[in-house]
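**Student:** need coordinates for the below:
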Amino acid sequence: MSKFLLAFLLSILAAGWARAAASNAGVGGANFMKIGQGSARAMSLGGAYVALAEGSDALAWNPAGLAVTQQRELGFSYLRYVQDVDSPLYLAYAHPMGRTTWGTNLSYISVSGFDVRDANGVPQPNSEVGVRDGLMSIGIARSFWYEKLFLGSSLRVVHEDIAGLVKDTMVGDVGVIIKPNSTLSLGAALQNFGSGAGNVARVSRGGVGVRLGDFITVGLELSKASDSSAHVAVGGEFQLPEEYLDVGQLAFRVGYRNGDSLGQSYDETLKSLRLDRASNLSFGFGMYTSQAFGYGVSLDYAFVPYGALGTVDQISVKLKF
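**Tutor:** Model (predicted):
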């Protein structure tokens, strides 16, 4: 049975890669969608999240994860990216209705302060050039076979405004998560299909999550965007469950995602931690309590060193009710 499920996931992933290979590399649009908005937990695990996605942030990784949640969930994330690129707004909501869960998310990015020059290289101080990007998704997922199979899909509108050139694109996602037992989770997703790769780069994801006892969860993901090479991500999470701490849960995370070296940082703190060249590692922690005025509240934080480009931080807050 496990071999059949694994073959099924690999076939889905291979189909997505075949379509991606037909596209020209490097022509994908909406690159802001690749910076990892929406989940500090996913970012701290290096992006190895397709098989672990759950709740309101699942729409950014695998819509099937919507159906994993058991409570209504409202999420907010703030992302501070490199080169003064910030995502000040990311909101997501998940609403279970029996075995079916629907959800929605929305994000916004604004970048300004560009060095504008004319054809001769002369600065134009009175010229304003800005980038305003965003997206809005709505999705639905359902569980089957006594919560062993989860299927989900979503529609997304992607908005790009680059120096006054506005483009809106509609794309779709489909995803599956299979949990044959309490230890193993298999996941796959095809994202951003239905439009040309020049508008929005298509992404195929496949991965596995393994729970090792009460404390450790490991995730592995293989992903391929239509405008870039394949990436492997692996992440680990050490969690102290609520029954050990009485008041909540505490988790520590680390991840790795293969990629090119981004040079060396000259930040003294990173040098002292020996992270000045660590452009492929990620770190984070999470806290959760179900005793916050009758609500469940979680706080997650991710930190990613980006070599010479600086560092990336993301903080996510969820309210469960």
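**Student:** for residue 321, what are its contacts?
**Tutor:** By C-beta atoms under 8 Å, 6 or more residues apart in numbering, the contact set of residue 321 is 71-72, 74, 295-296. The C-beta positions use only the backbone N, C-alpha and C, and glycine is treated the same way.
**Student:** flag the helix or strand of the protein with the lowest per-element mean pLDDT.
**Tutor:** In the chain, the helix or strand scored least confidently by mean pLDDT, DSSP states H and E is helix 2-21, which has a mean of 43.
**Student:** following it, which helix or strand comes up?
**Tutor:** helix 40-44 (DSSP states H and E).
**Student:** other residues contacting that following helix?
**Tutor:** With C-beta under 8 Å, 6+ apart as the contact definition, helix 40-44 has outside contacts at 36, 49, 52-53, 57, 60-61, 77, 235, 237, 253-255, 282-286, 300-304, 312, 314-316.
**Student:** out of those residues, which end up buried?
**Tutor:** Buried members of the contacts of helix 40-44, scored by 16 or more other C-beta atoms under 10 Å, are 36, 49, 52-53, 57, 60-61, 77, 235, 237, 253-255, 282-286, 300-304, 312, 314, 316.
**Student:** low-confidence ranges, the stretch 1-150 of the chain, go.
**Tutor:** Counting by pLDDT under 70, the stretch 1-150 of the chain contains low-confidence ranges at 1-30, 112-129.
**Student:** residue ranges for the strands of it, please.
**Tutor:** 73-80, 86-87, 89-97, 100-111, 131-144, 149-162 (DSSP state E, counting those that start in this stretch).
**Student:** and the stretch 151-300 of the chain, by the same measure?
**Tutor:** 165-178, 184-193, 203-212, 216-225, 230-240, 249-257, 281-292, 295-305.
**Student:** how many residues are close by residue 269?
**Tutor:** For residue 269, the count of nearby residues is 10 (other C-beta atoms under 10 Å).
**Student:** how much space between it and residue 305?
**Tutor:** Going from residue 269 to residue 305 by C-beta to C-beta, to the nearest Å gives 10 Å.
**Student:** run the chain-centre distance for stretch 308-321.
**Tutor:** Taking C-alpha atoms, centre = their mean, to the nearest Å, the mean C-alpha location of stretch 308-321 is offset from the chain mean by 11 Å.
**Student:** residue 85 contacts residue 37, doesn't it?
**Tutor:** No. Contact criterion C-beta atoms under 8 Å: residue 85 and residue 37 do not qualify, at 11.0 Å.
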